[in-house]
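S.K.: need a structure here:
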Amino acid sequence: MNFKSDFFVIGTDTDVGKTYVSSLLYHSLNKYNFFYYKPVQSGCYEKNGILTAPDVASVCSVSNIPYNQDMVCYTLKEEVSPHLAAEKENIKIDIEKIKKHYFKIKEKHAHTIIEGAGGLHVPLVRNEFYIYDLIKTFNVPIVLVCGTRVGSINHAMLTIKTLNSMNIKIQGLVFNNYKANFYEDDNIKVILEDSGIKNYIIIKNGQKSLEEKDLEILFRGLINE
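M.R.: Residues are numbered from 1 along each chain as shown. Here you go, the predicted structure:
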């Protein structure tokens, strides 16, 4: 597969499984010289003398590769919003540093999977810079991870409408942790009908990998024919 650009993974809300989805995407796409990048990670822990980013550790574990510090720019200890974790540690998150890290990655890899922190409106710098600002800075399309549980319609449609109002391109939707309940099928149907989005895949609860056809559907239009 020959991709036209990088993409940014965000979730509709906390614990929707965007890191799990990012892990599966990276595992499937690293053969195409993709890299994974987590600009800011809060809730980090000490391991072997290194402040370890749990999302990076998860991504590396799924692909059975060593932990890679180059996959993260800022590591923060408190398991709270990045802006608050940075404030508690007297760290000023420098957006230029995040950008330089990103462009350094791009020198070595064809494309990058960028994973956000929480949802679209999560602040990186209080009252100044948000996840949506970072998406606009990188100017890449969104892969939006949605839940299928009760409440998913509201979370998904609020995020989709906000992205549309900001003129941020939505590449596709990933419905995560599907358990084949009747209401999940209706939730997915309503979100697709109301949003008009055609590119989507469904990841079942406990699914360990993605098939090539899943990637072709999700990234339709982003892959050179």
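S.K.: those strands in the protein, which residues are they?
M.R.: Per DSSP state E, the chain carries strands over the ranges 7-11, 34-41, 45-47, 50-52, 72-75, 111-115, 123-125, 129-130, 142-146, 170-178, 200-204.
S.K.: Might you list the low-confidence residue ranges for this structure?
M.R.: Low-confidence segments of the chain, defined by pLDDT under 70: 225.
S.K.: quick one, helices of it?
M.R.: Per DSSP state H, the chain carries helices over the ranges 18-29, 54-62, 82-88, 95-108, 131-138, 152-165, 182-195, 212-218.
S.K.: Quickly compare those helices and say which is most buried.
M.R.: Greatest average neighbour count among those goes to helix 18-29 (a mean of 23), per mean count of other Cβ atoms under 10 Å. Heads up, the C-betas are built off the backbone N, CA and C, glycines and all.
S.K.: Need the contact partners of that helix.
M.R.: 1, 9-11, 34, 36, 54-55, 58-59, 61-63, 111, 113, 115-116, 143, 145, 174, 176, 203, 207-210, 212, 215 (Cβ atoms under 8 Å, 6 or more residues apart in numbering).
S.K.: Now do that helix and strand 142-146, the angle between them.
M.R.: Using axes from the mean of the first three to the mean of the last three Cα atoms, to 10 degrees, the inter-axis angle of helix 18-29 relative to strand 142-146 is 130 degrees.
S.K.: 864 is where my numbering starts, stick with that
M.R.: From this message on, residue numbering opens at 864, which makes the last subject helix 881-892.
S.K.: now K999: how far from L1021?
M.R.: 19 Å (Cβ to Cβ, to the nearest Å).
S.K.: picking up where we left off before, the strands of the chain: which one's closest to N1087?
M.R.: Across the strands of the chain, N1087 has its closest neighbour in strand 974-978 (11.9 Å, Cβ to Cβ).
S.K.: Within its sheet, name the partner strands of the closest one and how each one runs.
M.R.: Sheet pairing for strand 974-978, assigned by DSSP bridges, gives strand 870-874 (parallel), strand 897-904 (parallel).
S.K.: Redo the ones you listed as a markdown table? Include distance to I956.
M.R.: Compiled in a markdown table, these are given as follows (distance: least, Cβ to Cβ, whole Å):
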| stretch | distance to I956 |
| --- | --- |
| strand 870-874 | 17 |
| strand 897-904 | 6 |
